[in-house]
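Peer 1: What follows is a protein structure lacking sequence information:
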């Protein structure tokens, strides 16, 4: 996330928001952010949201996720939100989305995610 | 892909390979590449594979994809392969995977993808 | 849907609800409905929701969908809701869920879906 | 599966095949099997494949799966194959496909699946 220039802007119980300013070097052919970038911030937001439901010291890994790309990721900045849908002992199911915000404040949903986080067996002792 | 340092290493009819050397700045907490990075190269390999089935001048966008993360993306380099499963007029269904290759040559599948590419309506005229 | 005994109980713009009473012959090993059954009603609700956004006479097909199974589908009846997230010329992205309702009225989310519907090329003339 | 008239026709280590003859009452609008039916047999094949990798007495549940529908499920019979890609302590990742076989023997892939099975906490003692 640091490499991308993304920042955790809100952490609530079961819901986390990550923001990423536009960066020309992360674009693909048409001036939009690469799907890998918007996916990365959605996945991270989902992972951090799952973490809010876990015991201190636990760690999470993404087991799987699926994204639908709804519109080209064109905008001034991007806000990814991850939300816990169901938190279990082993698996936590999350939803996420990424909103593109234009310079004039106009908002557009660009990505929608559904995925599964797993408590990491490699959690720090 | 250039930002990541990834390279297109093989382009065949319906199958494309992308390679990415390990980069410490793309890792997450445990010395493994972030899922967003391995997803990005798998998605790109799938997109380029779809492109090999299209008319010249066409462009593709990812409509959606799903990944399962099979093992931490630890390795010396990473090879993503995208393969066309079904190519239609509008949609092309692809599969992909990412293999981590250790310094000693050991190979491990770290990511498996299934997705849909769509002929871009914003293709150059 | 008729074979399952499911009924369309609500049709609004972009949102459709399907209900299915419990049937012992559709269960799997543990007294819960088979995932194929809950998936079928979620997929159908998503397809009908997409249809509410289309021109009369059009038909839809599921291009792809992904489900997370959140809890065993145990209940007296099951309510699947499909909602359109984004409706485009060719593709319509939908979300869906299935709620199990117990005899005492207790509700539990058992399935969550995210998928893509496509205008059928085989629509009736 | 019994309700559908499906049969387990092959069980190997990590790979299982289920067959379903065509049934007019399981069709949707265009003489093709409903996506819920082909999904159900693919999911079941994946679950049984996962089971071949587990200890005796264990049980599996689908945690999540994603399907791409490649062609209308028109045919004389349908063969679903599930294959284990990675078998872990808690989660088993599977792939699956469904092939439609016409009366003249012609084969066509109609569905492709990728999913995750979990060892059931409700396994029989």
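Peer 2: Good, I have the coordinates. Source: prediction; values computed, not measured.
Peer 1: Which of the helices or strands spans the spatially most central residue of chain A?
Peer 2: Residue closest to the mean C-alpha point of chain A, counted by Cα atoms, centre = their mean, is residue A:42 at 1.8 Å. According to DSSP states H and E, residue A:42 maps onto helix A:35-51.
Peer 1: same question, residue A:18
Peer 2: strand A:15-21.
Peer 1: so what strands line up beside that strand?
Peer 2: Paired neighbours of strand A:15-21 in the sheet (DSSP bridges): strand A:7-12 (antiparallel), strand A:77-87 (antiparallel).
Peer 1: Run through who's touching the shortest one.
Peer 2: Read that as strand A:7-12. For strand A:7-12, contacts defined as Cβ atoms under 8 Å, 6 or more residues apart in numbering or on different chains pick out A:1, A:16, A:17, A:18, A:19, A:20, A:48, A:52, A:79. Yep, even glycine has a C-beta here, placed from its N, CA and C like the rest.
Peer 1: Isn't residue A:32 up against residue A:78?
Peer 2: No: with contact defined as Cβ atoms under 8 Å, residue A:32 does not reach residue A:78; the gap is 10.5 Å.
Peer 1: With neighbour numbers in mind, choose between these two.
Peer 2: Of the pair residue A:32 and residue A:78, residue A:78 is the one with more neighbours under other Cβ atoms under 10 Å in any protein chain shown, namely 26 against 22.
Peer 1: what's across from the more buried one in the sheet?
Peer 2: Bridge pairing for residue A:78 - DSSP bridges - gives residue A:20, residue A:100.
Peer 1: most neighbours per residue, which of the strands paired with strand A:15-21?
Peer 2: strand A:77-87 (a mean of 20; mean count of other Cβ atoms under 10 Å in any protein chain shown).
Peer 1: Now do that one and helix A:35-51, the angle between them.
Peer 2: For strand A:77-87 against helix A:35-51, the angle by axes from the mean of the first three to the mean of the last three Cα atoms, to 10 degrees is 40 degrees.
Peer 1: Okay, now the sheet partners of the longest strand seen in chain A, with direction.
Peer 2: In terms of residue count, the longest strand belonging to chain A (DSSP state E) is strand A:107-119. The sheet places strand A:107-119 alongside strand A:60-69 (antiparallel), strand A:91-101 (antiparallel), with pairing taken from DSSP bridges.
Peer 1: for the record, mean pLDDT for the last one?
Peer 2: Per-residue pLDDT values across strand A:91-101 average out to 97.
Peer 1: Flag the shaky bits of chain A, pLDDT-wise.
Peer 2: For chain A, the stretches with pLDDT under 70 are A:2, A:28-30, A:121-125.
Peer 1: switch the cut-off to 90
Peer 2: For chain A, the stretches with pLDDT under 90 are A:1-6, A:22-32, A:34, A:55-59, A:89, A:119-125.
Peer 1: Mind putting the strands paired with strand A:15-21 into CSV with distance to residue A:102?
Peer 2: Shown next, in CSV, are the strands paired with strand A:15-21 (distance: least, Cβ to Cβ, whole Å):
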stretch, distance to residue A:102
strand A:7-12, 18
strand A:77-87, 9
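Peer 1: Which one, of those strands, ends up nearest to residue D:100?
Peer 2: Within these, the stretch nearest residue D:100 is strand A:77-87; the backing value is 34.3 Å (Cβ to Cβ).
Peer 1: Run the chain-centre distance for that closest one.
Peer 2: 6 Å (Cα atoms, centre = their mean, to the nearest Å).
Peer 1: Next: stretch A:5-18.
Peer 2: 9 Å.
Peer 1: re earlier: tell me the most buried of the strands paired with strand A:107-119?
Peer 2: Among the strands paired with strand A:107-119, ranked by average contacts under mean count of other Cβ under 10 Å, first place goes to strand A:60-69 (a mean of 25).
Peer 1: ok so, going back, surely the residue nearest to the centre of chain A is in contact with residue A:98?
Peer 2: Yes: contact criterion Cβ under 8 Å: residue A:42 and residue A:98 qualify, at 5.2 Å.
Peer 1: what is in contact with those two at once?
Peer 2: Common neighbours of residue A:42 and residue A:98, counting by Cβ under 8 Å, 6+ apart, are A:80, A:111, A:113.
Peer 1: Let me have those residues in a markdown table, adding distance to residue A:62 as columns.
Peer 2: A markdown table is the format used below for the shared contacts of residue A:42 and residue A:98 (distance: Cβ to Cβ, whole Å):
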| residue | distance to residue A:62 |
| --- | --- |
| A:80 | 14 |
| A:111 | 15 |
| A:113 | 10 |
